[in-house]
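Chemist: Structure for this input, please:
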Amino acid sequence: MGTLPKAMLWRRTDTPGTDLALLDDRRGLHARGVTAALDPIPFTCRYELVTDETWATAHLDVSVEGAGWLRTLRLERAAGRWRVTTAEQGDLARALTSAGHTPAGLPGTEEPDRLAEAIDIDLAGAPLPNTLPIRRLGLLGATPGTAYSVTVAWVLVPSLEVLPSDQTYRVVDGSTIRFDIDGFGTDLTVDKEGYVLRFPGLAERAA
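Modeler: So this is what the prediction gives:
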């Protein structure tokens, strides 16, 4: 396992927690990250994300762990199709129910064909994946008003359920991208490389 030259740290603003990502973006993106959060129950989420040189997702590996349970997911995209592999130890559904929450669904998806139009992934609670469509679609430096709608493979955390999600990215100015997802919209503040500095209601960059 090689080392990665950049580090970024986000502080969660929706729940006590952090997200640390190590990355190499010289030819596409290779990133490894770890998230720790309190809500809905305490958990850690470790992920590895790899894209091709155009910033289209090649694969995502995720491992989410809490007291008495562990789930893993691998999403791999090749020839326009997604392959989904999952595993589970312990009982996340029971842990959620015991804490007064709705039980989680099963990890992954039983209908991978629903993801056929997705080129990007999104990982709930992690700001890093928002950079993928921003870079892939050339939104940095684009004329204000430039907008694209995309379908992404959205990974819910901690369940690791995978759903197709329609998202829109629209350039407001050189450092602001309007992000809309399933009826929710907010203005992302990004740096000159397209990495999120501020995601209102979710996270802010600390380093």
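Chemist: show me the contacts for A116.
Modeler: G80, R81, W82 (Cβ atoms under 8 Å, 6 or more residues apart in numbering). Yep, even glycine has a C-beta here, placed from its N, CA and C like the rest.
Chemist: Now do the phi/psi pair for the first one.
Modeler: The reference is to G80. Here is the backbone geometry of G80 (degrees, to the nearest 10): phi 80, psi 10.
Chemist: and what of the last one?
Modeler: Its backbone dihedrals place W82 at phi -100, psi 140, with angles given as degrees, to the nearest 10.
Chemist: do L115 as well
Modeler: According to degrees, to the nearest 10, L115 has phi -100, psi 10.
Chemist: now swap in R135 and tell me
Modeler: Backbone torsions of R135, given as degrees, to the nearest 10, read phi -80, psi -40.
Chemist: what's around it, how many residues?
Modeler: Neighbours of R135 under the rule other Cβ atoms under 10 Å: 19.
Chemist: Look at the spatially most central residue of the chain and report its pLDDT.
Modeler: What sits nearest the mean C-alpha location of the chain, by Cα atoms, centre = their mean, is L123, with 2.3 Å. At L123, the pLDDT value in this model is 98.
Chemist: Make sure it is actually in contact with D61.
Modeler: No. L123 is not in contact with D61 according to Cβ atoms under 8 Å; the separation is 10.9 Å.
Chemist: list the residues that contact both of those two?
Modeler: The contact lists of L123 and D61 share Y47, where a contact means Cβ under 8 Å, 6+ apart.
Chemist: The longest strand anywhere in the chain packs against which elements?
Modeler: What stands out as the longest strand in the chain, according to DSSP state E, is strand 162-173. Secondary-structure packing of strand 162-173 (3 or more Cβ pairs under 8 Å, 6 or more residues apart in numbering; DSSP states H and E): helix 131-136, strand 147-155, strand 176-181.
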